[in-house]
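K.L.:
give me a model of this one.
(2 chains)
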Amino acid sequence: MSSHIPFDIITRILSNLDIKTLLCFRSVSKGWRSLIDSSGFINTHMSLSIKTNTNNTLLILGEGGLNPINFDDLSPGDLLNLQDQPFISIGWQDVRLMGSCNGLVCLSNDDGDVVILNQSTREHKRILSLVRHGFELSVGSAPDKHWVWVSAYGFGYDAVSNDYKFVSIAKFLGIGFTFKESEMTIYSAKKDLWGVIKIPYDMLSTDDKMGVYVHGSLHWIAKGSIWRDIIVGFDLGLDEFREVPQPDYGGNIVIDIDLGVLGSYLCVFAKFRDRSADVWIMKEYGVEESWSKVFSISRNVLFYDSVRPLSYSRRGTEVLLELDEERLVWYGMETRRVVDVVIQGRKKERLEAVLCLNSLVPPDGNDRVGNSQQPTKEQKKNEEEEVLLDLVFLGVLGLMIELLNVCIFQLNFSI
Amino acid sequence: MSSSTDSPTLTTETTQLSPQPDTETAQPTKKITLKSSDNQIFEVEEAVAMEFATVKSFFEDSPSSTDTVPLPNVTAKPLSQVIEFCKEQIKFKANPDEAQKKKYHSEDLLDVLNQAVADRIENKSVEYVRGFFGIDNDFTAEEEAALRQEHAWAYEGVDED
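P.N.:
As a prediction, the model looks like this:
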């Protein structure tokens, strides 16, 4: 009977399942294993999670390790009980988050080890990094270049070559610590290769923060003129830098900007002299006019040097913010109230958090199987007929017969 | 196919999520009470309810029964959506030119059914799923053991039935 179930229907059913269940179901049959391993299915599953805003995990990295929290059930005011997952507690000192994209998280430690991890499949790939995030001896530098300082890094997806890339930007300083030049090291997960390119920007290194991945590009703040910092985006597919326009802040003097993602849009926290801030999102990527102000932070409500937005709450009235790599808060956009996320048993320590999709994406950037099983053209034709057939097949399967009887009747009736 | 009941004069009917005594005695059509597996009560017009095979056989077996019909295979959410779908279908029949609409609703229903099936198999054992879909295991014992070894942790805590 199994051969009669259309693949399309199985795909649709399995797209609704969680990762743990799907990993088990790889051993149902050869057909199911190829389906679940196919990049087509992995993408379908991911698209559905994004569409329904489910399958999200909040990953909290503290000194103790990496702790996954089910974000789908999390509400402001909830107490967090961290349980370090042994599979990712690898005993590193000073582990940092480099970025997260499509369910993959990139981590690095002080020794320059880099790991790409899919926390929901618990698969990881260890890569050797050339650079560290602290001071480092310059590699083949000219005599007048004294220091190498890794000022920025990031991790994201390159849609052109269907690859995941990790980048780190090193800064060369000359005599008197003046900026000389920057270079970016790009690691391709698929090719397992490093490449280096010179870049014309001086990324601000004060926060040592991860690049913000939006619209196929990683974004950082770089030094512009004396008066204004700029947003630069690096397109991972085209290997190109471009300056991204900023919102029109009006006559206000912005002393500091922080970047982030909110609801898949590039987001800017613009801080003013009185430490109040306006928060903007760019609704159409690259279009200056599409920046719109979503909320404001009043002065004396929230004190921070750097902020990273993680997500809206499920009811959409709060945002979850990581402040100064030590504090997580919910900020009520209308109420302007701040609720600290209380983490049980937490010692005073550094904390980083990232929102991560639960996906089947393999950490080495390669497909588990060669060819994905896509619906044929014939299947795409006569879609209406197909839907009817699907329903009939489901009926044959004896799944919820009483429900299907109704719709089969309805469909027959309308023919 | 499964049904020969003709009820072209069906009108749209409301469903109620809470139990409510049937006070509208003047109404020509009888209402049937359905109970989902999570104990939600639905009142549906008899003609609609009779399209459910389980309901039909329930009354065939005990014609004088006035009990609530239990539907142990379905939870409230998909059931309410299917009833909604039927109401839309009935509306549509009054206006058969809207072919697009029909397709739209079929797709919608399919999503609901897929979700309902997914809910049934979530965190179930591999053996349960094979039985559920009637799938033959085409792995050798060694192949299957190796596959299970790849993600051994994922097999912890699954429902066996």
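
K.L.:
let me see the domain layout of chain B.
P.N.:
B:31-121, B:126-154 (automatic domain parsing).

K.L.:
low pLDDT regions in chain B?
P.N.:
Scanning chain B for pLDDT under 70 picks out B:1-29, B:47, B:50-53, B:64-66, B:85-107, B:161.

K.L.:
what does the stretch 101-250 of chain A give?
P.N.:
Applying pLDDT under 70 to the stretch 101-250 of chain A flags residues A:129-149, A:175-177, A:205-208.

K.L.:
for chain B, what is the nearest residue in it?
P.N.:
A:Arg122 (6.7 Å; C-beta to the nearest C-beta). All C-beta spots, glycine's among them, are computed from the backbone N, C-alpha and C.

K.L.:
could I get the phi/psi values of that residue?
P.N.:
Note on A:Arg122: backbone dihedrals following degrees, to the nearest 10 are phi 60, psi 30.

K.L.:
then A:Cys106?
P.N.:
phi -110, psi 130.

K.L.:
just grab the bridge partners of it for me.
P.N.:
In this entry, A:Cys106 is beta-bridged to A:Gly99, A:Ile116, by DSSP bridges.

K.L.:
ok, now which ones touch the spatially closest residue to B:His151 that is not a sequence neighbour?
P.N.:
Leaving aside its sequence neighbours, B:His151 sits nearest to A:Leu23 (C-beta to C-beta, 6 or more residues apart in numbering or on different chains; 4.2 Å). Residues near A:Leu23 by C-beta atoms under 8 Å, 6 or more residues apart in numbering or on different chains: A:36, A:121, B:151, B:154.

K.L.:
if you set the cut-off to 10 Å instead, what comes out?
P.N.:
A:Leu23 is in contact with A:17, A:36, A:120-123, A:360, B:147-148, B:150-155, counting by C-beta atoms under 10 Å, 6 or more residues apart in numbering or on different chains.

K.L.:
also A:Leu58?
P.N.:
A:67-72, A:74, A:80, A:310-311, A:320, A:328, A:341, A:353-356.

K.L.:
and with 8 Å instead?
P.N.:
If you count contacts by C-beta under 8 Å, 6+ apart, A:Leu58 has them with A:68-71, A:74, A:310-311, A:320, A:353-356.

K.L.:
what does A:Trp32 give?
P.N.:
A:Trp32 sits in contact with A:10, A:14, A:25-26, B:135, where contact means C-beta under 8 Å, 6+ apart.

K.L.:
which of those count as buried?
P.N.:
If you count burial by 16 or more other C-beta atoms under 10 Å in any protein chain shown, the buried members of the contacts of A:Trp32 come out as A:10, A:14, A:25-26, B:135.

K.L.:
filter those down to the ones in helices?
P.N.:
Mapping these onto helices (DSSP state H) picks out A:10, A:14, A:25.

K.L.:
quick one: residues contacting the last one.
P.N.:
Residues touching A:Phe25, when contacts are defined by C-beta under 8 Å, 6+ apart, comprise A:14, A:17, A:32, A:36, B:126, B:129.

K.L.:
just put those residues in JSON lines and tack on distance to A:Asp248 and secondary structure.
P.N.:
Listed next are those as JSON lines, based on distance: C-beta to C-beta, whole Å; DSSP: H, G, I helix; E, B strand; the rest coil:
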{"residue": "A:Leu14", "distance to A:Asp248": "47", "secondary structure": "helix"}
{"residue": "A:Leu17", "distance to A:Asp248": "46", "secondary structure": "coil"}
{"residue": "A:Trp32", "distance to A:Asp248": "53", "secondary structure": "helix"}
{"residue": "A:Ile36", "distance to A:Asp248": "48", "secondary structure": "helix"}
{"residue": "B:Val126", "distance to A:Asp248": "58", "secondary structure": "helix"}
{"residue": "B:Val129", "distance to A:Asp248": "56", "secondary structure": "helix"}
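
K.L.:
now distance to A:Glu334 too, for those, in a markdown table please.
P.N.:
Putting these into a markdown table (distance: C-beta to C-beta, whole Å) gives the following:
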| residue | distance to A:Glu334 |
| --- | --- |
| A:Leu14 | 39 |
| A:Leu17 | 36 |
| A:Trp32 | 47 |
| A:Ile36 | 42 |
| B:Val126 | 48 |
| B:Val129 | 46 |
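
K.L.:
residue 82: how many residues sit nearby?
P.N.:
All of this is about chain A. By the criterion of other C-beta atoms under 10 Å in any protein chain shown, A:Leu82 has 17 neighbours.

K.L.:
oops, I was thinking of chain B
P.N.:
By other C-beta under 10 Å, 24 other residues sit near B:Val82.

K.L.:
that one should be in a helix, yeah?
P.N.:
Yes. B:Val82 forms part of a helix when assessed by DSSP: H, G, I helix; E, B strand; the rest coil.

K.L.:
quick one, what contacts A:Gly286?
P.N.:
Contacts of A:Gly286 by C-beta under 8 Å, 6+ apart are A:215, A:244-245.

K.L.:
repeat that with 10 Å
P.N.:
A:Gly286 sits next to A:215, A:217, A:233, A:242, A:244-245, A:266 when contact means C-beta under 10 Å, 6+ apart.

K.L.:
could you dump the residues you listed to CSV with distance to A:Leu104, neighbour count and secondary structure?
P.N.:
Listed next are the contacts of A:Gly286 as CSV, based on distance: C-beta to C-beta, whole Å; neighbours: other C-beta atoms under 10 Å in any protein chain shown; DSSP: H, G, I helix; E, B strand; the rest coil:
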residue, distance to A:Leu104, neighbour count, secondary structure
A:His215, 18, 18, coil
A:Ser217, 17, 24, strand
A:Gly233, 20, 24, strand
A:Arg242, 25, 13, strand
A:Val244, 24, 19, strand
A:Pro245, 29, 15, coil
A:Leu266, 20, 24, strand
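
K.L.:
what segments of the stretch 251-400 of chain A are strands?
P.N.:
A:254-262, A:265-272, A:277-282, A:291-297, A:307-312, A:318-323, A:327-332, A:338-340, A:352-357 (DSSP state E, counting those that start in this stretch).

K.L.:
so which of those gets nearest A:Ile127?
P.N.:
Closest of the strands of the stretch 251-400 of chain A to A:Ile127 is strand A:352-357, at 18.7 Å (criterion: C-beta to C-beta).

K.L.:
any idea of the angle the closest one forms with strand A:307-312?
P.N.:
Going by axes from the mean of the first three to the mean of the last three C-alpha atoms, to 10 degrees, strand A:352-357 is angled at 30 degrees with respect to strand A:307-312.

K.L.:
show me which residues of strand A:352-357 are buried.
P.N.:
For strand A:352-357, burial by neighbour count (16+ other C-beta under 10 Å) applies to A:352-357.

K.L.:
and if you look at stretch A:252-261?
P.N.:
Under the neighbour-count criterion of 16+ other C-beta under 10 Å, stretch A:252-261 has A:254, A:256-261 buried.

K.L.:
do stretch A:46-61 as well
P.N.:
Buried residues in stretch A:46-61, counting neighbours by 16+ other C-beta under 10 Å, are found at A:46, A:48-49, A:55-61.

K.L.:
pLDDT on that stretch, on average?
P.N.:
Stretch A:46-61 carries an average pLDDT of 91.

K.L.:
compute the first-to-last residue distance for that stretch.
P.N.:
For stretch A:46-61, the first-to-last residue distance is 24 Å (C-alpha to C-alpha, to the nearest Å).

K.L.:
in the sheet, which residues pair with A:Val354? Tell me.
P.N.:
Taking DSSP bridges as the rule, A:Val354 bridges to A:Leu59.

K.L.:
isn't it right up against A:Leu117?
P.N.:
No. Taking contacts as C-beta atoms under 10 Å, A:Val354 lies outside contact range of A:Leu117: 11.3 Å.

K.L.:
common neighbours of those two, please.
P.N.:
A:59, A:66, A:100, A:105-106.

K.L.:
please enumerate the strands of chain B.
P.N.:
In chain B, the segments counted as strands under DSSP state E are B:31-36, B:41-45, B:69-71.

K.L.:
follow-up on the earlier one: just say helix, strand or coil for the residue nearest to B:His151.
P.N.:
Following three-state DSSP, A:Leu23 is assigned to helix.
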